[in-house]
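In: Structure of the sequence below:
(2 chains)
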Number of protein chains: 2
Amino acid sequence: MPTTDDDGTVKTARPASRRAGHGRRDGAIFQLPWRQLRNPYRPFELASADEVEAIHLASLEILERIGIRFSLPAAREIFRKAGAQVDEDSMRVRIGGDIVAQALKTVPDSVTLETYNPARTVTLGRDKLVFATVLGPPYCHDIERGRRQGTLADYGDFIKLAQVFNIIHLVGGSPVEPGDIPVPIRHLDAVEVMLTLSDKIPYVFCQSQKRILDAFEMIAIARGISMDELAVKPSTYSIINTNSPLQYDLPMTEGVIEMARFGQPTLITPFTLAGATTPITMAGAIAQQNAEILAGVTLSQLVRPGAPILYGGATSNVDMRTGSPGYGSPESVRATFISGQLARRYGLPMRSSNFSGSTSADYQAAVESQLAAFAAIGAGANLLMHAAGWMEGGLCASFEKFVLDVEMLQMMAVWLEPLRIDKDTLALDVIEEVGPGGHFFGTAQTIEKYETAFYRPLVFNTKSHGQWVEDGKLDATARAHQVYLRALKEYQPPAFDPARREVLHAFVERRKAEGGAPLT
Amino acid sequence: MPTTDDDGTVKTARPASRRAGHGRRDGAIFQLPWRQLRNPYRPFELASADEVEAIHLASLEILERIGIRFSLPAAREIFRKAGAQVDEDSMRVRIGGDIVAQALKTVPDSVTLETYNPARTVTLGRDKLVFATVLGPPYCHDIERGRRQGTLADYGDFIKLAQVFNIIHLVGGSPVEPGDIPVPIRHLDAVEVMLTLSDKIPYVFCQSQKRILDAFEMIAIARGISMDELAVKPSTYSIINTNSPLQYDLPMTEGVIEMARFGQPTLITPFTLAGATTPITMAGAIAQQNAEILAGVTLSQLVRPGAPILYGGATSNVDMRTGSPGYGSPESVRATFISGQLARRYGLPMRSSNFSGSTSADYQAAVESQLAAFAAIGAGANLLMHAAGWMEGGLCASFEKFVLDVEMLQMMAVWLEPLRIDKDTLALDVIEEVGPGGHFFGTAQTIEKYETAFYRPLVFNTKSHGQWVEDGKLDATARAHQVYLRALKEYQPPAFDPARREVLHAFVERRKAEGGAPLT
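Out: Sure, this is the predicted structure:
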């Protein structure tokens, strides 16, 4: 089966089940092959160079004059030793521009992550672009069973979808929270299921030092390496959300420190919502976001120079009529573009998000998601978090939206590919052969290429109205429901060494017997 | 009522009914004010300069060696006189590169269109961006009445929506075809209703010389100018679709000639679908598109040097499994970007389209529409045709999708606005006042700006799941239905001189009595 189209780019539909070396079955899902994407476009610049500099200088002033509250004493101690002004009563750390500048010298412009399957290696940074699943919702939804609290079974189903669809590069920790598992042991079950059901890059939640170390041990076991080796082999990633305005709480600060200590990348992403956790002016919101990120970058580099960090641009606004976050708002698009400019100024890779506030997988959800994907391209982002499945501003993971988002991401993979433009593809001989008023359907070129020339959709279609009515008038969401069920049926577990799997399970059992680990 | 937000940009919600100077009523639709948009972003370049040149040279070779079939003898005569090789038997015109180069010297880089209301003036070209309604579907749809053949009443309702929503700059000719009106007089009724119900830029269908001249006379009457004056005052626009491959049929060629003769802009848009009406390779499809456009540009400039033309990039592909056009395909996005590069090479304004193949206003429709809007930005397009309401690959106009697309376009208007970044908007004093862990809801700055700071949606919302269930679980399409009905209720006719209106009606009655005018 050919895997390249006329443009010389790999974008041929192929059955999901072949991905793992299995034979094709009837009705198999056709999709793009696994590969990292490259963004060929020059990013959008909404702010001038002077304006970017003004934001940078405002951030430095915030850090030096107003300061950031770090609740964790160990973090304040690290900053104090580095020369920052620490006020123990208010827990505020005031960080001089020289300390920030030094940190920015050592932070790398990319990081390469590996799992136990070397084929799943991805690089975060430069012109690369990768996608991670939704992460964190307590609820999940499908149109048959409705909205419900997530369970470990739902969690596993999302991990399976992440494994089936090649366009998903990284697993987001808890695509849905396994709410049926007690909190102290939830991370153990979640990471075990994640590592067992998928060989894609796993995620670590920064919920306490002990839980982070548990996850590190499990990831080391899965890779067959020691903890010392893990510390020089980036294998996982985590999000650090600041508690805006200007605060790093205990688990997040432990996260910055532990992730840096082990050389694992963190995506530092302030929870900056203009009008609520920042000034109502977007410029102020972005300056504050930038200050909060620079504080985390500085802490990480003080812990371990060279620790990888992604610039997390997720600034949006609140809907002033409801107080809800305006996920997918046009203001957030502008903030994303300018965040990209700041990330490039610092030479940092960037993370953005596929946010949507919609309560269903409808027109609103799609506009917001497609706009977020576009904002990622315009901003030059390297990692799109929540790329598939996020709904209701992150409260609910949707099985249908997962598949619909996969479709959108696959389309994006196609329009990110440069076209091959040469004598062969310009095809003047074919145009001459057909001539005015002719048809190209029957040309040798068309017959040779028709199976692989164009993107073949998963869910979207070009059916006539009559055919669509005959087929039951299923809208895209209803069709996605069928695809999600088929994908679960076609799922094949990754090749995971049985001996390591046994060690992993024994570790989980032991840690459960010890009572697991609480949140910070 | 304030009309600027913190960024100094005009983007405040205001009731539709105030647009025409009327007072606000309860439940009035809030929307952005009328204004032309500016695209602040540097366009995407998917092809290298060498590749753009290769496409250009391939097009010249198509024109010179293969030729274009012009069915209209008058057109062949114009080309013959200009030095082209004309084969009368095959009706093929082979156009030398020197003739094309001369035409490209005189074609303008923009055109400004006026109506009888000078406030509706728009410029097509340079960094400007404007939106026109859907154009041409035989069917229309709303979720209450279902899918049906369009009537003059439906046509009028779409024109009213075009008039109500400020983000719509131009009326597309027949947002739905008034299928209940006999063809010979349909253009008379359609143009009369268009000019009476809306003061926005009207559209002329190129269906025959006689029908074009009828429309010109009606537009001249509405503006209170003579036909001679019309010929120096661009007041309308039209699409020229080539009959690909490499053919200009009779009505389209009459259109190029008459529109040029009267100095009215045409959007020359080849119907190039890779795999059917062009080679299956996208590079070949784009080269053929470009050749077909250059042929039309050349004819127009031979008729009248300086006649305005827009470069119409609408190349897509067929779905090779169904033979249907792949409207909204990722291939079409790439073709749009490269079309933009070609338009810029020639210094031509560009037209693109909001295409969708979906049979309902669902997730698929939204992804395709948002992607088309994005492609327009990335391509640096100046006019987005079918910007609101297009469904089913152009077979059906949807009332709900019209409103949903308006929402998307309004959001786009916001993210096209640069942010104001200065001391006031960086707001360090506000950040200092609130400090770590505080809230910005209550600051003087927030209270001053909260009403106008952010985009206020028409249809989209940030409701909680509980509130959404309580409100009847209406998805975006169901909510759009309510907004479309409210918009029709709030519609106010434009101020149109009663004397001219009388003359216009008398003209229509006279021409109807004469039997109207047939298609070519």
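In: quick one: what helix or strand has the residue nearest the centre of chain A in it?
Out: Closest to where the C-alpha atoms of chain A average out (C-alpha atoms, centre = their mean) is residue A:385, at 2.2 Å. In the assignment (DSSP states H and E), residue A:385 maps to strand A:383-388.
In: got the contact list for residue A:330?
Out: When contacts are counted by C-beta atoms under 8 Å, 6 or more residues apart in numbering or on different chains, residue A:330 touches A:371, B:411-415, B:455. From N, CA and C alone the C-beta is placed, and that goes for glycine too.
In: Could you do residue A:505 as well?
Out: residue A:192.
In: Can you give me the buried ones in the host helix or strand of it?
Out: Element membership for residue A:505 (DSSP H and E) is helix A:498-513. Residues of helix A:498-513 classed as buried by neighbour count (16 or more other C-beta atoms under 10 Å in any protein chain shown): A:500, A:504, A:507-508, A:511.
In: do stretch A:414-431 as well
Out: In terms of neighbour count (16+ other C-beta under 10 Å), stretch A:414-431 has its buried residues at A:414-421, A:425-428, A:430-431.
In: could you check whether it is close to chain B?
Out: Yes: counting by C-beta under 8 Å from any C-beta of the partner chain, chain B has neighbours in stretch A:414-431: A:414-415, A:417-422, A:424-428, A:430-431.
In: what is the mean pLDDT for that stretch?
Out: The average pLDDT within stretch A:414-431 is 97.
In: Regarding that stretch, how distant is the last residue from the first?
Out: Chord length of stretch A:414-431, first to last residue, is 25 Å (C-alpha to C-alpha, to the nearest Å).
In: Make sure residue A:41 is indeed in a strand.
Out: No: membership of residue A:41 in a strand is not supported by DSSP: H, G, I helix; E, B strand; the rest coil, which gives coil.
In: Count the neighbours of it for me.
Out: The number of residues packed near residue A:41 is 18, by other C-beta atoms under 10 Å in any protein chain shown.
In: does the helix or strand residue A:352 falls within come close to chain B?
Out: Element membership for residue A:352, per DSSP H and E: strand A:350-353. No: judged by C-beta under 8 Å from any C-beta, strand A:350-353 makes no contact with chain B; its nearest approach is 13.9 Å.
In: any idea of the angle whichever helix or strand comes after that strand forms with helix B:363-379?
Out: Going down the chain from strand A:350-353, the next helix or strand is helix A:363-379, by DSSP H and E. Counting by axes from the mean of the first three to the mean of the last three C-alpha atoms, to 10 degrees, helix A:363-379 lies at 30 degrees to helix B:363-379.
In: so how far is residue A:262 from the residue nearest to the centre of chain A?
Out: Using C-beta to C-beta, to the nearest Å, residue A:385 is found at 21 Å from residue A:262.
In: for chain A, longest helix please?
Out: In chain A, with assignment by DSSP state H, the single longest helix is helix A:282-303.
In: what distance separates that one from the centre of its chain?
Out: Relative to its parent chain, helix A:282-303 has a centroid offset of 20 Å by C-alpha atoms, centre = their mean, to the nearest Å.
In: what are the C-alpha coordinates of that helix, in CSV please?
Out: Presented in CSV, the C-alpha positions along helix A:282-303 are these (Å, rounded to 0.1, in the frame of the first residue of the first chain):
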residue,chain,number,x,y,z
MET,A,282,-5.0,42.0,27.7
ALA,A,283,-1.5,43.6,27.7
GLY,A,284,-1.5,43.5,31.5
ALA,A,285,-2.7,39.9,31.4
ILE,A,286,0.1,38.9,29.1
ALA,A,287,2.8,40.8,31.1
GLN,A,288,1.6,39.1,34.3
GLN,A,289,1.6,35.7,32.5
ASN,A,290,5.1,36.4,31.4
ALA,A,291,6.3,37.4,34.8
GLU,A,292,4.8,34.2,36.3
ILE,A,293,6.5,32.1,33.7
LEU,A,294,9.8,33.8,34.1
ALA,A,295,9.6,33.1,37.9
GLY,A,296,9.2,29.4,37.2
VAL,A,297,11.9,29.3,34.6
THR,A,298,14.2,30.9,37.0
LEU,A,299,13.4,28.5,39.8
SER,A,300,13.9,25.6,37.5
GLN,A,301,17.3,26.8,36.3
LEU,A,302,18.4,27.5,39.9
VAL,A,303,17.6,23.9,40.7
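In: next SSE after it?
Out: From helix A:282-303, the next helix or strand downstream (DSSP H and E) is strand A:309-312.
In: about what we covered before: hey, what's the residue nearest to the centre of chain A bridged with?
Out: residue A:353 (DSSP bridges).
In: sorry, back to before: farthest pair within the contacts of residue A:330?
Out: Distance extremes for the contacts of residue A:330: the farthest pair is A:371 and B:413 at 13.0 Å, using C-beta to C-beta.
In: which stretches of chain A aren't confidently modelled?
Out: Low-confidence segments of chain A (pLDDT under 70): A:1-27.
In: quick one: contacts for residue A:435?
Out: Contacts of residue A:435 by C-beta under 8 Å, 6+ apart are B:66, B:245-246.
In: Name the nearest of those residues relative to chain A.
Out: Of all the contacts of residue A:435, the one sitting nearest chain A is residue B:246; the distance, using C-beta to the nearest C-beta, is 3.9 Å.
In: Point me to the residue of the stretch 51-200 of chain A nearest chain B.
Out: Closest point on the stretch 51-200 of chain A to chain B, by C-beta to the nearest C-beta, is residue A:69, at 3.7 Å.
In: Between residue A:371 and residue B:413, which is the more surrounded one?
Out: Comparing residue A:371 with residue B:413 by other C-beta under 10 Å, the one with more neighbours is residue A:371, at 29 against 24.
In: What separation is there between that one and chain B?
Out: Residue A:371 sits 6 Å away from chain B, going by C-beta to the nearest C-beta, to the nearest Å.
In: can you pull the contacts of that residue?
Out: Neighbour list for residue A:371: A:328, A:330, A:333, B:370, B:374, B:411, B:415 [criterion: C-beta under 8 Å, 6+ apart].
In: Repeat the analysis, applying 7 Å as the threshold.
Out: Residues near residue A:371 by C-beta atoms under 7 Å, 6 or more residues apart in numbering or on different chains: A:328, A:333, B:370.
In: Which residues are in contact with the residue nearest to the first one when sequence neighbours are not counted?
Out: Using C-beta to C-beta, 6 or more residues apart in numbering or on different chains and skipping the chain neighbours, the partner closest in space to residue A:328 is residue A:368 (2.8 Å). Shown in contact with residue A:368 (C-beta under 7 Å, 6+ apart): A:327-328, A:355-358.
In: again, but for residue A:404
Out: A:361, A:459, A:476-477, A:480, B:363.
In: The strand or helix carrying it to helix A:363-379, inter-axis angle?
Out: Counting by DSSP H and E, the element that carries residue A:404 is helix A:399-415. When the same axes, to 10 degrees is applied, the directions of helix A:399-415 and helix A:363-379 differ by 40 degrees.
In: following helix A:399-415, which helix or strand comes up?
Out: Using DSSP H and E, the helix or strand that follows helix A:399-415 in sequence is helix A:423-426.
In: by contact count, what packs against that following helix?
Out: Under the contact criterion of 3 or more C-beta pairs under 7 Å, 6 or more residues apart in numbering or on different chains; DSSP states H and E, helix A:423-426 touches helix B:282-303.
In: how deep is residue A:120 tucked in, by neighbour count?
Out: Residue A:120: 17 neighbours (other C-beta under 10 Å).
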